[in-house]
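Undergrad: Everything below, folded, please.
(one chain, ligands or ions: 2)
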Amino acid sequence: MVEGFGDPAERGRAIFERLRSDPPPEDAPAPSEEERVDAEPVPVPPRAVTPAPSSSEITLPPIPDGELVLPEPAPAPIAEAEPAPSDEPPRSPFLRPLPRVMAVANQKGGVGKTTTAVNLGACLAELGYRVLVCDLDPQGNASTGLGLNPRNMQSSMYDVILNDVPLEDCVEPSSVRNLFVAPASLDLAGAEIELVPAFSRELRLKRAIDAAADDYDFVLIDCPPSLGLLTVNGLAAATEVVVPIQCEYYALEGLGQLLRNVALVQKNLNPRLEVSAIICVMYDARTKLSDQVVQEVRTHFGDKVCRNVVPRTVRLSEAPSFGQPIIAFDPTSRGAIAYRELAKEVSGGAPQRAR
Ligand code: ADP
Ligand code: MG
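TA: Ligands and ions are numbered 1, 2, ... in the order given. Next comes the predicted model:
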């Protein structure tokens, strides 16, 4: 059978199977010593976990042992320990050197990837960072959610990935200052198949983003809800994976597969890749289930989980139909406040770069 056709899930599995067996490509960039030292996450004291409520609990589906294991980023060389000045506030565990390229990924659909890419991006831009949201989902929800009409586009991520068009040629401004979009178009759906025979097909997005990343402080890649070649491109181009997790019953189901695939991409294509932040979204304060899911996520992933959670609010789901991020659509809403706090947390207060 010609690989690349047929069931998309099969195709995704085949791609990752081959990543498992193929040697890493020769041009997979190895991190420089300096980069590695910089990329080392800052250790923080363990977070206190509140005890679970004892009455009328819902039993969450059990996670098999070893299912949810975060891939370790490439080991950093041992750096000279500097004595920490005691009166400085502790550094955020989310602080990383700029520019940061984050793939917002979760192979499930409808879990808040696009909402997070758009609104975290907008709030980072509001903090003064230059931000690019790169729409890698053929459905183009991040593009329309930021006010772009797919019909009016000269070029899109399809041309960047398949036709070597420079990223800046398809970047459009949004209504928010400092926030830019690299839009998707429907033909991106075909890219999954058209990429199969292409030369260095896993690294096409990486090449495009590397050439443009210095123009931005943050690049957020909105990945499609699958583990096919587009997502591989997203993971290969990023240095971080940000995983939104819906506060629902099956929240953690299938996540092991994503984490294993992140580990494969890290081993074969992108040694610097790490899961840097896990964001609990669609939190409903009225249900015990939401609390239980957040607790379970914290038990599994500890300090990788953002302190701020995103509430389930109708305003967040209405904003995209007006082509606006929540901070423009309803700046004082709970959703706007949550994503603003998240942006502060995830940026770790990194100083803006001089331009
Ligand atoms: P994904 O990109 O993972 O498929 P989306 O971000 O498109 O998920 O979200 C799926 C649906 O849920 C959309 O209709 C979106 O507007 C809605 N949604 C996302 N986050 C929230 C939230 N915090 N509260 C309410 N609705 C939300
Ligand atoms: Mg989406």
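Undergrad: backbone phi and psi for Val242, please?
TA: Dihedral pair for Val242: phi -110, psi 120, per degrees, to the nearest 10.
Undergrad: any idea how far it is from Gly121?
TA: According to C-beta to C-beta, to the nearest Å, Val242 stands 11 Å off from Gly121. For every residue, glycine as well, the C-beta is placed using N, CA and C.
Undergrad: Find residues that contact each of the two.
TA: When contacts are counted by C-beta atoms under 8 Å, 6 or more residues apart in numbering, the set common to Val242 and Gly121 consists of Leu220.
Undergrad: These two - which one has more neighbours?
TA: Here Val242 and Gly121 are set side by side on neighbour count (other C-beta atoms under 10 Å), and the busier one is Gly121, at 32 against 27.
Undergrad: What residues of stretch 348-355 count as buried?
TA: Residues Ala350 are the ones in stretch 348-355 that count as buried (16 or more other C-beta atoms under 10 Å).
Undergrad: Go ahead and name everything in contact with it.
TA: Taking contacts as C-beta under 8 Å, 6+ apart, the residues outside stretch 348-355 that touch it are 91-99, 128-130, 217.
Undergrad: Relative to ligand 1, how far out is the residue of the chain found nearest ligand 2?
TA: Per C-beta to the ion, Thr114 is where the chain lies closest to ligand 2, at 3.3 Å. Noted for Thr114: a distance of 3 Å to ligand 1, by C-beta to the nearest ligand atom, to the nearest Å.
Undergrad: So, low pLDDT: which residues of this protein?
TA: Counting by pLDDT under 70, the chain contains low-confidence ranges at 1-57, 75-89.
Undergrad: Contact residues of the stretch 1-150 of the chain facing ligand 2?
TA: Contact residues of the stretch 1-150 of the chain with respect to ligand 2, defined by C-beta under 5 Å from the ion, are listed as Lys113, Thr114, Asp137, Asn141.
Undergrad: Filter those residues down to the ones in helices?
TA: With helices defined by DSSP state H, the entries of those inside them are Lys113, Thr114, Asn141.
Undergrad: Is stretch 123-141 positioned near ligand 1?
TA: Yes: if you take C-beta under 6 Å from any ligand atom as the test, stretch 123-141 does meet ligand 1, through Asn141.
Undergrad: Output that stretch in CSV with nothing but the alpha carbons.
TA: C-alpha atoms of stretch 123-141 as CSV (Å, rounded to 0.1, in the frame of the first residue of the first chain):
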residue,chain,number,x,y,z
CYS,A,123,-2.3,38.4,26.0
LEU,A,124,1.4,38.0,25.4
ALA,A,125,1.1,40.7,22.7
GLU,A,126,-0.7,42.9,25.2
LEU,A,127,2.3,42.5,27.6
GLY,A,128,4.4,44.0,24.8
TYR,A,129,5.9,40.9,23.3
ARG,A,130,5.9,40.4,19.5
VAL,A,131,3.8,37.3,18.9
LEU,A,132,3.1,35.2,15.8
VAL,A,133,0.3,32.6,15.9
CYS,A,134,1.1,30.1,13.2
ASP,A,135,-2.1,28.2,12.1
LEU,A,136,-1.2,24.6,11.3
ASP,A,137,-4.8,23.3,11.4
PRO,A,138,-6.5,23.0,8.0
GLN,A,139,-9.7,24.1,9.6
GLY,A,140,-8.1,27.5,10.1
ASN,A,141,-9.9,28.4,13.3
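Undergrad: Flag every buried residue along that stretch.
TA: So for stretch 123-141, counting by 16+ other C-beta under 10 Å, buried means 123-127, 129-141.
Undergrad: likewise stretch 59-69?
TA: Leu60, Glu67, Leu68.
Undergrad: Can you measure across it, start residue to end residue?
TA: Its first and final residues considered, stretch 59-69 spans 21 Å by C-alpha to C-alpha, to the nearest Å.
Undergrad: Please state the offset of it from the chain centre?
TA: In terms of C-alpha atoms, centre = their mean, to the nearest Å, the gap separating the centre of stretch 59-69 from the centre of its chain is 22 Å.
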